[in-house]
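>>> pasting a predicted model and its sequence here:
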Amino acid sequence: MIQVRRENERGHFDHGWLNTYHSFSFGDYADENHMGFRSLRVINEDRVQPGQGFGTHGHRDMEIISYVLEGELAHRDSMGNGSVIVPGDVQYMSAGTGVRHSESNNSKTQVTHFYQIWILPSAANEPPRYGQKRFDEEAKRGRLRLVASGSGADGSIAIRQDVNLYASVLDPGGAATLALPAGRHLWVQVLRGGLEVNGNPLSEGDGLAASEEKSFRFVAGERGVEFLAFDLA
């Protein structure tokens with residue numbers, strides 16, 4: 001079974017400093033029909049204006065992944081981590097028993113465009129932890145590159161959930177495939193460009209949920225594509 005979540009069906013708020021889209025119920029966007037998919041709880045597409053950001057705030061018992069498309073995102077947290085995330089970086093924070101952090105766009109001219117993803121952890125009350133790795137465009141081109149997983153396989157960031165997160169960049173007409181064991185589920189999020197998944201056309205910002213499907217073929221549109229694919233228990 002395949003269901004498509006179109007870009008214009010998402011929750012949307014333009015706060016001036018922040019233009020944000022929510023694939024699932026989040027904050028002021030309450031949608032009981034879209035509370036997440038399996039352990040995937042939040043997919044937010046954010047554009048933060050220069051010199052703006054999210055002030056210090058807290059999280060607990062959530063796996064948080066940030067993926068920057070344009071600009072840069074400065075991060076500081078109560079674990080003592082401080083970094084600047086740029087396109088090609090994948091950042092991970094396991095909030096565990098509790099962590100406070102801030103995220104900001106310190107540029108004076110460029111908008112920061114990024115996706116933030118929240119995944120429910122497999123266990124509560126674990127110690128907070130942080131991870132960050134670089135997967136540049138060439139590492140993702142023409143293939144599904146594992147960037148985060150419960151096992152930490154293939155140099156991916158190890159997270160606290162049975163999820164395999166792949167990132168891919170396909171040139172126009174390029175293709176990739178993925179086979180899933182019985183009982184697994186797939187969410188696809190198109191970040192840029194156009195994509196066809198098992199014959200279902202998707203545009204930038206669209207998502208696709210699939211259950212009871214064992215194999216997938218991803219074909220890029222005429223402008224190419226960058227997308228994320230979540231293999232979920």
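Ah, there it is. Numbering: from 1, shown residues only.
>>> show me where the chain has helices.
Counting by DSSP state H, the chain has helices at residues 137-140.
>>> point me to the residue sitting farthest from the middle of it.
Residue farthest from the centre of the chain, counting by C-alpha atoms, centre = their mean, is K108 at 25.5 Å.
>>> the closest residue to M35 other than its chain neighbours - how many residues pack around it?
Once flanking residues are discounted, M35 sits nearest to S25: 5.2 Å by C-beta to C-beta, 6 or more residues apart in numbering. All C-beta spots, glycine's among them, are computed from the backbone N, C-alpha and C. S25 sits with 17 neighbouring residues when counted by other C-beta atoms under 10 Å.
>>> identify the residues contacting S25.
S25 makes contact with G11, D31, E32, H34, M35, G36, according to C-beta atoms under 8 Å, 6 or more residues apart in numbering.
>>> got the contact list for the closest residue to the last one other than its chain neighbours?
So that's G36. Setting aside the residues directly before and after it, G36 is nearest to F24 in space (C-beta to C-beta, 6+ apart), at 5.0 Å. Applying C-beta under 8 Å, 6+ apart, we find F24 in contact with D31, H34, M35, G36, F37, L40, R41, V42, I43.
>>> okay, now the nearest residue to the last one once chain neighbours are set aside: neighbour count?
The spatially closest residue to I43, leaving aside those adjacent along the chain, is S23, at 4.0 Å (C-beta to C-beta, 6+ apart). As a burial measure, the neighbour count of S23 was computed by other C-beta under 10 Å and equals 28.
>>> is it true that S23 touches Q189?
Yes: contact criterion C-beta atoms under 8 Å: S23 and Q189 qualify, at 7.3 Å.
>>> which neighbours do the two share?
Counting by C-beta under 8 Å, 6+ apart, the residues touching both S23 and Q189 are I43, G207.
>>> what pairs with the residue nearest to M93 when sequence neighbours are not counted across the strands?
Spatial nearest neighbour of M93, excluding adjacent residues (C-beta to C-beta, 6+ apart): I64 at 4.7 Å. Using DSSP bridges, the bridge partners assigned to I64 are M93, W118.
>>> with H15 as the reference, measure out to I64.
I64 sits 20 Å away from H15, taking C-beta to C-beta, to the nearest Å as the criterion.
>>> next one: G55
To H15, G55 is 13 Å away according to C-beta to C-beta.
>>> distance of the residue nearest to I43 relative to E45?
Counting by C-beta to C-beta, the gap from S23 to E45 is 8 Å.
>>> same check, this time on S122
If you go by C-beta to C-beta, the gap between S122 and E45 works out to 26 Å.
>>> all set now, cheers.
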